[in-house]
Every structure is written in structure tokens, then in C-alpha cells.
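> here is a sequence with its predicted model. Questions after.
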Protein chains: 2
Amino acid sequence: MKKLINAPEDVVDEALQGLGAAHADLVRIDLAQHLVLRRDAPRPGKVGLVSGGGSGHEPLHGGFVGPGMLDAACAGAVFTAPVPDQVLAATRAVDGGAGVLHIVKNYSGDIMNFEMAAELAAADGVEVVSVVTNDDVAVEDSLYTTGRRGVGVTVLVEKIAGARAEEGAPLQDVAGIARRVNENGRSMGMALTSCTVPAAGRPTFTLDEDEMAIGIGIHGEPGRRREKLKRAREIAEMLATPVLSDLPFKAGDRVLAFVNGMGGTPLIELYLMYAQFDALLRAHGLVIARSLVGNYVTSLEMAGCSLTLLRLDDEMLRLWDAPVRTPALRW
Amino acid sequence: MKKLINAPEDVVDEALQGLGAAHADLVRIDLAQHLVLRRDAPRPGKVGLVSGGGSGHEPLHGGFVGPGMLDAACAGAVFTAPVPDQVLAATRAVDGGAGVLHIVKNYSGDIMNFEMAAELAAADGVEVVSVVTNDDVAVEDSLYTTGRRGVGVTVLVEKIAGARAEEGAPLQDVAGIARRVNENGRSMGMALTSCTVPAAGRPTFTLDEDEMAIGIGIHGEPGRRREKLKRAREIAEMLATPVLSDLPFKAGDRVLAFVNGMGGTPLIELYLMYAQFDALLRAHGLVIARSLVGNYVTSLEMAGCSLTLLRLDDEMLRLWDAPVRTPALRW
């Protein structure tokens, strides 16, 4: 296992320390609970946004904490849901009296632990609403999931709902737009290589030198199929076709096109893939109003990419464009 | 070779198309010349900033084109200097009457081709000043270089000189601060794995499963030595010690600490490395005034990282903080 680490058991702790040290102007770290908190949390009168999940998907979620996006992120162990205590601590820390929104990717452990934390917070008198993301069209049910997995759309939910909360909207409105983004977003991913969980020390799965995995999950869980490595153009079509037909996206729809890297894929390949998707989506009659290209929802050092499409309405567009100041997204 | 590409000969072309399509609000692409141009270039009365180099280092340089940074980037073939014609075309395209600054990484091919272009532009009546970056302390002379290689500091030069040009400063001032940034910056890098140039189809070099390369160049050219893989803490020390002693950096110096990924290293490891560097630099008495963490000067999918330290003065700090709006850096 070739990684820039000291010891597998210290990876999350030390990465959080680094994030906190590098971005002390934006976030503070609760090292005991493994939380990334907006520096000025709680904001009185503002709905608090809490997300989280297993580590290993950076910048998701800690890199999205800051004005205009999340108030707190709970970092679980690598590829392991945060425990209820963490989520409860985050919920309390960001409650400014206007309630707290939990944004939860659809994995059984995450769902269970966020639910438990929401109940405990409610018993404390904190109003909590939860929105679950489940945008991955690859498979119905999966290794860690009942129903569809939550993947790339989570970033878009966090950005857009975060902007709405920043405007001072009430909890039901913030939750409403978060749900609308999830409902209008679809994703699918693929991998060229596996990743290695530090504590495991060996690759999660293996692919031959001429193989790829289509419909892969962000923890390396199996997707639709393995097949021979294809050209970028064909890979783009394998991802875009099921995404387009699922919502379905129709000619004239305005979309945000998000081409995400799995962590080990260099930007030159992600932009090359963006060019393939751009051609396919235009041929389908879509109007690409906004784009995002980069490594945002990663699987450690896995090589591969995913496509997320979001059908935009005017409100989403306005909120996407609103200022944001986090370690990983800033404008 | 596992890459998201169509054909090796189309990689640069298609990646540029993707960059242009994803960021049409900021840049336009000259596909014939492989240039990334600021959308509103030339800006009358503003000094034009041109950089460039081999492709495969994305987001360097095309990802840094936009208000507050570069006016044009010339993309060579992968790991190959742009030709004089490209640089000349870029220089002409961004000349707004106030002259053009060439920012050139110290590699023999780049130096030669930028020089030739500068002479041709001068014959056209365009005033050109060149600044060469040579911040890599690893080796004196290298496979493609006489003297030291230009690496991470190039990003900082482009940002800070770009901000000065945006303020309307004359060419000599913009060149002056660019040189000052280079003179006050030092870098050193390491690799866990090689990269594979698409046209070559095989890894540039090989490292055993328990080996790393210290002082590696951004094209995989040999550095100081290979040795057994160490812990992050020890690797950080191997990079920081020669960087600190070279300028030298002294207790009380304000610095920008830039932890750069080589392309295949996930953010969780870069933040973990940042925590190691942060501790070392503070122990050395440095004041870390600003930081940058991410994959900014890459070597295709190479895994590894580099440290760049820049000793800041008030002007550099002000210009670093100035607004920037490019595909890869934005605030």
C-alpha cells in the first residue's frame, strides 16, 4: 500500500488537522468528535446544515463547510458512517434557533445514525429535518444501500440548499429545495482502478489491466458490470445514456453538468471526458447552463469518473451562482 | 495503460475542448494553436501575461487563465515545450499595448522556444519581458534543465504578477514582482508512483512497491534518490529541510505554504501532509500567513506531492489576496 500516511489509524485525525490548519479562516475542527465546523457557527437565526459520511471522499464533506454551504461535516472512519454521537454534537453546535437540516447520502449506516441523532436532537428541542440523496442510477440496492446510492448530487444539494439557508430562509424552504435538487439530479460512475482502504492495506477489488467497472459505487462496491476498457467517447455514452433516460432529461432542459473524478484521475482526463459529455448532451438537445469539473466526491485514490446531471430551474440557478466560501468551492 | 482517453494523439486537443466548453464564461480556446485565452483578451492598456509548457501538468497553465491571473496559456504536447509559433500567437493575442510578460519554467525547450517567440514579437513591435521560474531545490541541472527546474512557485508567480497586472501596473513592475516571487520561493517534490505519457504507453520510470523517489521532477525525471517508503512525517521532513535551508527561511518569516499533489494523490493525503508540514514549519519559527493545498502542478496521474514555500512581503500578500477568477483558482 503506497500512501502518504503515518499509520492507518491516524489518517482521519491527521487529515482533519491539516484541513483545519490550512483553512483556519473558514473552519474549526472538533478533533474529539471529528467534526469540521464553520468557524462562526452557530449563526443565530440561520438554518444549520449538517452533512457527513465516511472519510475517503474528500473534499466531501469537510471541504464544503463555510459561508454559503455547510455549517458542519461529520467525518466517519474511512468508508464508515459517522456515529450518532458525532452527528448529535454537530447538530447542537450549529443550531442557531432556526432548526437544522441533515443532508444524508443513502447508505444504510448513514441513514440509521443520522436518524438516531435527529431523534436525540429533537428530544433536546432542536428541530431537525433530513433530506436523503439517492441519485445513482447504476443499481437499485447495493452492498451498503437499500434503494439507490447517494453520490455526486450531494455536492449540488449542499451548495444550493446552503445558499438558501444563507439567505435566511426557514427550515422547510431549505429542506424543500434540497429535496428538489435531489429529485432532479441523476448520476452514474465508473472506475479504472480500485482504491485501498488504509486499515485494510489491500485493494478493495481488482480489475485486470484491460478492464473497467461500470456503475461502480464510491466505496468500490460493485456496479452494473465489468468490461473491457473502452475509449473515452464510449465510456461517456455508457454513463450518459442511463442518466439521461432515467429522469428523463428532455430536449430544451437546462442542466448543470458535473464531471467528477474519483480521486486518482488527473484533470487532463476529466476535461477530456467533459468534452465527450458536452457533445453527447448537446446532441440530446440539453442546454448546459452550468458546469463543474474536478475531484469532488472521491474514493481515496481510485481512478475513474462519474457524471451528474441536474435539471435546473431559475431558483436553483440563482442559488448555485450565489457566493460560496469553503475550502473546496469558492466564488 | 489505463486512461480516460480516445487516442493518445488527441489528448491535448480534446482536453482543451473540454476546458473551453466547461469555462466558456472565462476562456476561449484557439484549437489550431492550442492556446487558452482569456475571453476578453486583449485588454487595452493592461500588461498581458503569457505562460505555457508541456501538457500533463493541469491545471497548470490553462486552468489559471482569467481575470487576475494569466491572459494566455500555450499548451505543448504532453511533457513537451510549446513551439515558438504558439507562444508568438499567444503574445500577439494578448498584447493590449502595454507589453507582455512571459512566465517560463526553467526547462531547456521552454526557454529556447519562449526566447525565440519573444524575439519575433519584438520584431513586431511588442515589448516582451521574460521571467524564468527555477524554484526546485532538489537538483542543480537535470534531464531537461540547466540550473534548477521551475515547479510549484510558477503558480504563485502567475497569481501574484497577474494581480499586479490587473491593477494596471507597467510591464517592468509586473516583471519585478514576478522575479521577486521566484527569488523568494523554494520547492521540492517526491513520488510514490510513476506516470505514463499517453504516446509512450508505458510508465516513465518504475518504483518498487516499497520505494519512493525523493526530489523527483514534474516529468518523472530523476531527483536526488530512491529510497524505501517512509511515514508521512519523515517524508515531510525530507522535503521541508532542504527547502528551509536553501533560501534560507528564518524564524519570524511570513510564508505561504503550498502543498501540491502530483495528480494521482487524493486530497485526504494532501491534507494529512499539510498537517506534517504545518508542524515542521511552526517548529522552525515560521508564520504561515497563507496556504494552498491541492493538485495544481501535476504530472499526469503520478502519486506524490511537493512543498513550495514562499517568503511573503506586504505587497505579495495583498496581491495574493486580490480577486481571481480562473477555472482552477477563484476567490
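Structure received. Numbering: from 1, shown residues only, chains lettered A, B, ... in the order given.
> can you give me the end-to-end distance of stretch A:77-91?
Distance across stretch A:77-91, first residue to last, is 19 Å (CA to CA, to the nearest Å).
> would you mind pulling the contact partners of stretch A:226-236?
By CB atoms under 8 Å, 6 or more residues apart in numbering or on different chains, the list of residues contacting stretch A:226-236 from outside reads A:190, A:192, A:207, A:210-214, A:238, A:269, A:272-273, A:276-277, A:280, A:307, B:2, B:4-7, B:14. (Glycine included, C-beta is placed from N, CA and C.)
> pull out the buried members of the residues you listed.
Among the contacts of stretch A:226-236, those classed as buried by neighbour count (16 or more other CB atoms under 10 Å in any protein chain shown) are A:190, A:192, A:207, A:212-214, A:238, A:269, A:272-273, A:276-277, A:280, A:307, B:2, B:4-6, B:14.
> any residue of stretch A:300-315 up close to chain B?
Yes. Using CB under 8 Å from any CB of the partner chain as the criterion, contacts between stretch A:300-315 and chain B involve A:300-301, A:303-305.
> also stretch A:36-55?
Yes. Using CB under 8 Å from any CB, a contact is recorded between stretch A:36-55 and chain B, made by residue A:55.
> ok, now stretch A:316-323?
No. Under the criterion of CB under 8 Å from any CB, stretch A:316-323 makes no contact with chain B; the nearest approach is 10.2 Å.
> same question for stretch A:53-65, mean pLDDT?
Computed over stretch A:53-65, the mean pLDDT rounds to 98.
> chain center to that stretch, what's the gap?
7 Å (CA atoms, centre = their mean, to the nearest Å).
> near chain B, which residues of the stretch 1-150 of chain A show up?
Taking CB under 8 Å from any CB as the test, the list of the stretch 1-150 of chain A residues beside chain B reads A:2-7, A:11, A:14-19, A:21-23, A:55-56, A:58-59, A:63.
> buried among the residues you listed? Make that a PyMOL selection.
To isolate in PyMOL the members of those that are buried, counting by 16+ other CB under 10 Å, one can use:
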select buried, chain A and resi 2+3+4+5+6+11+14+15+16+17+18+19+21+22+23+55+56+58+59+63
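> and the residues of the stretch 1-150 of chain A next to chain B, which of them are in strands?
residue A:55 (DSSP state E).
> re earlier: please flag which of the contacts of stretch A:226-236 sit within strands.
Secondary structure assignment (DSSP E) places A:190, A:211-214, A:307 from the contacts of stretch A:226-236 within strands.
> among those, which one lies nearest to residue A:220?
The shortest approach to residue A:220 among the ones in strands among the contacts of stretch A:226-236 belongs to residue A:213, at 8.4 Å (CB to CB).
> how many neighbouring residues does the nearest residue to the closest one once chain neighbours are set aside have?
Nearest residue to residue A:213 in three dimensions, chain neighbours excluded: residue A:191, at 4.6 Å (CB to CB, 6 or more residues apart in numbering or on different chains). A total of 30 residues lie near residue A:191 under the criterion other CB atoms under 10 Å in any protein chain shown.
> do the same with residue A:30
The burial count for residue A:30: 18, using other CB under 10 Å.
> and it, how close does it get to residue A:37?
In this structure, residue A:30 and residue A:37 are 6 Å apart, going by CB to CB, to the nearest Å.
> any residues in contact with both of the two?
The overlap between the contact sets of residue A:30 and residue A:37 (CB under 8 Å, 6+ apart) consists of residue A:93.
> any idea how many residues pack against residue A:35?
By the criterion of other CB under 10 Å, residue A:35 has 27 neighbours.
> list the residues that contact it.
By CB under 8 Å, 6+ apart, the neighbours of residue A:35 are A:29, A:72-75, A:86, A:89-90, A:93.
> quick one: which of those sit in strands?
Of these, the ones assigned to strands by DSSP E are A:29, A:72-75.
> hey, where'd the helices end up in the stretch 201-331 of chain A?
When assigned using DSSP state H, counting those that start in this stretch, the helices of the stretch 201-331 of chain A occupy the ranges A:232-246, A:267-283, A:314-321.
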